[in-house]
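1. what follows is a predicted structure for the sequence shown.
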Amino acid sequence: MSQIVDPTVVPLRDPTVLDRVSGASRSLGRFLRTKPLGGSGLILVVVFILVAVLASVIERHDPDQIFETPNPDYKANPSTLELARNPDIGSPVLVSQFEEPGGGHWFGTDKFGRDIWSQVIHGSRLSLIVGLGASVIAVVGGLIIGMISAYYAGIVDLLIQRIVDMLQAIPFLVLVLVFTQITERSVLNVVLWLGVAGLAITTRLIRSAVLQVRESEFVLAARVVGASDLRIMIRHVLPNCVAVLIIAFSIGIGAYILAEASISFLGAGPQGIPSWGQMVQAGRGSLDLHPWQTVFAGGAIMMIVLGFNLLGDALRDVLDPRLRGA
Amino acid sequence: MQAYIIRRILGAVFVVFLVGTFSFFAIRVLPGNFATASLGLDAGSASADTIAQREADLGLDKPIGEQYATWLWDTVRLDLGDSFLTQNTVWYEIGRSLPYSIELGVLIMIVGFTVAIPVGLISAIFQDKALDYSLRGLAILALAAPVFWTAAIASLVVLQWDLFLIDVIGQPHLWEDPGKAITWYLIPMFAGGFAGTATTMRLLRSQMLEVLRQDYVRTARAKGLRESVVITRHALRNALLPVLTVMGVTIATIIGSQVILENMFNIPGIGNKVLTALFARDNPVFQSVVLIIAVFTVLTNLVVDILYGVIDPRIRLS
């Protein structure tokens, strides 16, 4: 028997992976159209992520390579008088320090003759790791503490709230400086401590969101049916706080990047990795004559923070219009 | 109302106590202490006896519980002890540095608010016009630029075009030599103010948009009041309240940027003090300066909350 196919009936089919991808790209397209600022933020963030991932491809030079040029005045075994006139005369090569930006070195070279472009490129890695990592820690920690605080209410809540108050009464930078000095200043430790310092803000945000959801009728309904507290928290409260979690995550990133840049600028940042904050500081020694290192490194900080802030603002507007401008 | 105020004051005192306890233990948890820091961190250069002697002189060898009890009792009696580093009393150190910080902080706030309020207002009035977009764009940039970078670029501009001479010698106060003092406050105050402007401006703008949609604004317009009166008398007044509420946060942010700015421009304020004390492990100065900063922010929050409770009775109930 042959099957009769009615051409007017559109077959029901499972949404395939392809559909989901096109669905996602359609909503991405809508996001870019309706939120031009958020869209440009997204583009900035994607560019920086690409730069960080492909740093060794687009670096052009090794960031630690010291560039040298032959010394035109070189003279073997100079006399003391000649050395006094020209201290460099005895060395066959000169470090090409403080070169202006140009074809050879797009952003010029620093005091030690290293290529600034390559350093800026590699600096993006630290900023991204710090921003994303610290924000994940702050949100996950804030979720646990915020839920405990909202759930137990009473004395536990009061105590947690006062500790949050305490952390917020100390300038964020001082808090971060103290925390990061407790342990070895490796990248991982700095990320961890930045996240811990950010706990106060995320805890407060998430606690108020949980409190709000807890009062809603569907939670009451679940309680009436006899759901356990844990089940209510995980199945009913948590999914309704996802918007706040995403917002808390995305608006924190810029702040952590700035905090890392600040402690690096003060010479107390993570060690053994190129950092933009530290580059801004290094360039300040010769700012009046050779500003390029400071200008480009600081510009990079501003652009990456700008990208994350724009994206975070747009996400907040989309996910929770009530929080607009908060 | 009285019960509310008492409850808030007790809460504030408790928070200050927590901050003090935190800073007391924080500076002691850090590796090294003043004895090792001042004798060179590589303890190999100083004999163990010398370090132990120095620790005993400073009272750092006592059990931590005893040190804490002593600190608590002394602090309650407002005796902050002597600086390890300079041997002066901590009160003397604070008395010398606090005026600089207050000066700079007030200047930053003046710059911040004189920019933020009109800009936020204009941005809200011309909502979604080109002017609104460019002002908001500028605010977003200000929020993203690190304060030390803005300050560095500003000094670069001043140096490049020889705008004025930054005279850092003598470090006069504004009331002693205003002309000279202003030259070295000028860059930090604008860099700090620029950074502080953005949040206030954005908050004011969104509040204005909210308020302008309210019924009483429509009523005011329907009465035939001039638009300028509607905006300044009816809208702005109400929109400014939330800006006031976040004053504590604003001040904490400004103090945070002051730590960096005072360090950059050699201003001997408390922001600079907290850094030197932290790195030198000068326990008494560090604890006291952090405590004073906390008293400042907590007090601001307290005053704002109580004022708010007076103005808006709904707050008291929540």
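-> Everything's here; your move.
2. out of everything not next to it in sequence, what's closest to the residue of the stretch 1-150 of chain B found nearest chain A?
-> Nearest residue of the stretch 1-150 of chain B to chain A (Cβ to the nearest Cβ) works out as B:Trp149 at 3.3 Å. C-betas here are computed from N, CA, C, even on glycine. The shortest distance from B:Trp149 to any non-neighbouring residue, by Cβ to Cβ, 6 or more residues apart in numbering or on different chains, is to A:Gly298 (3.3 Å).
3. that neighbour contacts A:Val280, correct?
-> Yes - using Cβ atoms under 8 Å, A:Gly298 makes contact with A:Val280 at a distance of 4.8 Å.
4. between these two, who's got more neighbours?
-> A count of neighbours by other Cβ atoms under 10 Å in any protein chain shown puts A:Val280 above the other of A:Gly298 and A:Val280, at 28 against 25.
5. state the mean pLDDT of the strand or helix carrying B:Val211.
-> Per DSSP states H and E, B:Val211 falls inside helix B:178-212. Mean pLDDT, helix B:178-212: 85.
6. shared neighbours, A:Gly298 and A:Val280?
-> Residues within reach of A:Gly298 and of A:Val280 at once, by Cβ atoms under 8 Å, 6 or more residues apart in numbering or on different chains, are B:Pro146, B:Phe148, B:Trp149, B:Ala152.
7. buried subset of those residues?
-> Buried subset of the shared contacts of A:Gly298 and A:Val280 (neighbour count, 16 or more other Cβ atoms under 10 Å in any protein chain shown): B:Pro146, B:Phe148, B:Trp149, B:Ala152.
8. which two in these are spaced the farthest apart?
-> B:Pro146 and B:Ala152 (9.2 Å; Cβ to Cβ).
9. give me the common contacts of those two.
-> Common neighbours of B:Pro146 and B:Ala152, using Cβ under 8 Å, 6+ apart, are A:Val280, A:Gly298.
10. count the residues that sit near B:Arg237.
-> 11.
11. dump the residue contacts of it.
-> No residues are in contact with B:Arg237 under the rule Cβ under 8 Å, 6+ apart.
12. ditto for B:Gly193
-> Applying Cβ under 8 Å, 6+ apart, the residues near B:Gly193 are B:Leu107, B:Ile108, B:Met109, B:Ile110, B:Val111, B:Gly112, B:Val115.
13. the same query, at a cut-off of 7 Å, please.
-> B:Ile108, B:Val111, B:Gly112, B:Val115 (Cβ atoms under 7 Å, 6 or more residues apart in numbering or on different chains).
14. of these - the most surrounded one?
-> B:Ile108 (27 neighbours).
15. look up how far chain A lies from the residue nearest to it when sequence neighbours are not counted.
-> Nearest non-adjacent residue to B:Ile108, counting by Cβ to Cβ, 6+ apart: B:Gly192, 3.9 Å away. To chain A, B:Gly192 is 13 Å away according to Cβ to the nearest Cβ, to the nearest Å.
16. what number of residues lie near residue 56?
-> Picked chain A for this. Neighbours of A:Ser56 (other Cβ under 10 Å): 11.
17. chain B, not that one
-> B:Ala56, neighbours per other Cβ under 10 Å, totals 12.
18. same question, the one 10 residues further on
-> When counting by other Cβ under 10 Å, one arrives at 10 neighbours for B:Glu66.
19. got it, and the one 10 residues further on?
-> Burial measure for B:Val76: 10 neighbouring residues, criterion other Cβ under 10 Å.
20. tell me the pLDDT at it?
-> So B:Val76 comes in at 88 (pLDDT).
21. next: B:Gly65.
-> 87.
22. how about A:Ser22?
-> 66.
23. now A:Arg207: how far from A:Ile201?
-> Separation of A:Arg207 from A:Ile201 (Cβ to Cβ, to the nearest Å): 11 Å.
24. please apply the same query to B:Val76.
-> 31 Å.
25. do the same with A:Ile66
-> With Cβ to Cβ as the criterion, A:Ile66 and A:Ile201 are 42 Å apart.
26. more crowded one of the two?
-> A:Ile201 (20 against 15).
27. if I look at B:Val217, how far off is B:Ile267?
-> 44 Å.
28. quick check: the residue of the stretch 1-150 of chain A nearest chain B.
-> A:Leu37 (7.8 Å).
29. wait, that residue touches A:Leu315, no?
-> No - A:Leu37 lies out of contact with A:Leu315 (Cβ atoms under 7 Å); the separation is 11.4 Å.
30. those two: which is more packed in?
-> More crowded of A:Leu37 and A:Leu315, by other Cβ under 10 Å: A:Leu315, with 21 against 17.
31. does the more buried one lie in a helix or a strand, and which?
-> If you go by DSSP H and E, A:Leu315 is part of helix A:292-319.
32. give the rounded mean pLDDT of that helix.
-> The average pLDDT for helix A:292-319 rounds to 88.
33. ditto for stretch B:119-139
-> 88.
34. measure that stretch end to end?
-> One end of stretch B:119-139 to the other measures 9 Å (Cα to Cα, to the nearest Å).
35. is chain A contacted by that stretch?
-> No - taking Cβ under 7 Å from any Cβ of the partner chain as the criterion, stretch B:119-139 and chain A are apart, separated by no less than 8.1 Å.
36. now find how far off-centre that stretch is within its chain.
-> In this view, stretch B:119-139 has its centroid 27 Å away from the chain centroid, taken as Cα atoms, centre = their mean, to the nearest Å.
37. stretch A:141-158 now?
-> 27 Å.
38. go on, stretch A:174-181?
-> With Cα atoms, centre = their mean as the basis, the mean position of stretch A:174-181 lies at 18 Å from the chain mean.
39. can you check stretch A:298-318 too?
-> The answer for stretch A:298-318 is 10 Å, by Cα atoms, centre = their mean.
40. run a quick neighbour tally on the closest residue to chain A within chain B.
-> Here chain B gets closest to chain A at one residue, B:Ser206, 2.7 Å apart by Cβ to the nearest Cβ. Neighbours of B:Ser206 under the rule other Cβ under 10 Å: 19.
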